[in-house]
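K.L.:
Fold the following, please.
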Amino acid sequence: MSQPINLVKHNKSATLTALAAACTLMLSAPALAATPDVATAPAATAPSAIDSSKRIIRRANPNATISSPQSNSVQPKAAQQNNATAPTQPTPYTPAVPVAPKPTGTTQVYQRGPITSTGIDISRGQLNGIPTPQVRISDISFVPTLLIPQKTGLGTDKLDVSLLDDFIEDVSPNARHYPPNFPNRSQRHYTREKIKVLTEWIEPYASEPDASYDVLLRAAKLNGMGRNLDLGSDYAVRAGQYVDRAIKAKPDSGEANFLYGMMLSEGGGFKEGKKYLDKAVELGYTEAEQSLAQSDLLSDRRNEALERLRRLEQQVPDNSIIRQQIKLIEDGKYYIWDLPAPDIDVKPNTPIT
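P.N.:
Numbers count the residues shown, from 1 in each chain. Got it, this is the predicted structure:
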């Protein structure tokens, strides 16, 4: 009669052990201490990957202590060996590790709420002893976005030359002709440094055998100004190569013909540059006439230079620079671009893209 009684005790021990393990797993979730006086909300599960914006916070009593979860369902090794040798004997009951009582409170799911400003608004002067910041914006200007083809042909990638063209337009009155003329040494220095960066940026595109006309013309302008600012002979060589390729790409470009003729004549090649300047004049490029006058002046043809500029003044009476150049020749000067330098705004930290 004792064996059936032992079997019943064995079954009860196994049942208690399983229940203890299940309770341990259910009560082992971490809890955050908070005030218990919160309205009861329905229980929620952990957020899934579909709705990961939810946050679960378990509110419990401040004094509740949580122990780390430990399973008691595995028996000691010695007990397993005893069971193997004497299967008819009941397995001794191993008491479970004490588990903290279930924390009181509720489990709430917090939805993501709107962002609200908190703290002190220093713009209204609420900080004692700290001056209120004052910000003003003036002289706002916008640089129009300009994209040019990177290579010849259809479907080519584009280059954003918005800032590059804005820079060239600003510094051309100071650095396009030789000798360059700047209002101070700082602006000359900043222009030199900016030209170094921009020529380095455009060089990989301009050196391609199928570079577009627009890329070649801008590379020629930058390197030509670098030559005028004494950045080295490499700038003079590249300027000539790029403008020559630009003319071959567009033979009837007045700007390309003027640029090449100006570079040649101002470098001493008056005869070589004249044919390009003459063609630019035929194409309606006004500044080419001024470069021809400069070439005449340096070739000891002062009267021809003066006559050319006076004729040009009648064609474009609103051009004040031509009147100043006529005055320079009448005063016995030799460089018609030796004019009062216009002020420019070139800074070393201007962003380049």
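K.L.:
wait, is I137 part of a helix?
P.N.:
No - counting by DSSP: H, G, I helix; E, B strand; the rest coil, I137 falls outside a helix, being coil.
K.L.:
so where's the stretch 201-350 of the chain uncertain?
P.N.:
Scanning the stretch 201-350 of the chain for pLDDT under 70 picks out the ranges 342-350.
K.L.:
same thing with the stretch 1-150 of the chain?
P.N.:
1-127, 132-133.
K.L.:
what about 50?
P.N.:
1-5, 7-10, 25, 27-87, 110 (pLDDT under 50).
K.L.:
Next, the buried residues of stretch 158-171.
P.N.:
By neighbour count on 16 or more other Cβ atoms under 10 Å, the buried set for stretch 158-171 is 159, 161, 163-165, 167-168, 170-171. C-beta coordinates here come from the backbone N, C-alpha and C atoms, glycine included.
K.L.:
Among those, which one sits closest to E287?
P.N.:
Nearest to E287 among these, counting by Cβ to Cβ, is I168 at 14.4 Å.
K.L.:
which residues does the closest one contact?
P.N.:
By Cβ atoms under 8 Å, 6 or more residues apart in numbering, the residues touching I168 are 218, 221-222.
K.L.:
what about the strands in the protein?
P.N.:
Listed in chain order, the strands of the chain (DSSP state E) span 32-33, 55-60, 107-110, 147-149, 158-160.
K.L.:
Could you check how far the closest residue in space to H177 that isn't next to it in sequence is from G261?
P.N.:
Of all residues not flanking H177 in the chain, W337 sits nearest, at 4.1 Å (Cβ to Cβ, 6 or more residues apart in numbering). Distance of W337 to G261, computed by Cβ to Cβ, to the nearest Å: 15 Å.
K.L.:
between these two, who's got more neighbours?
P.N.:
Remark: of W337 and G261, G261 carries more neighbours, 28 against 20, as counted by other Cβ atoms under 10 Å.
K.L.:
Pretty sure the more buried one sits against K275.
P.N.:
Yes - here G261 reaches K275: they are 7.3 Å apart, a contact under Cβ atoms under 8 Å.
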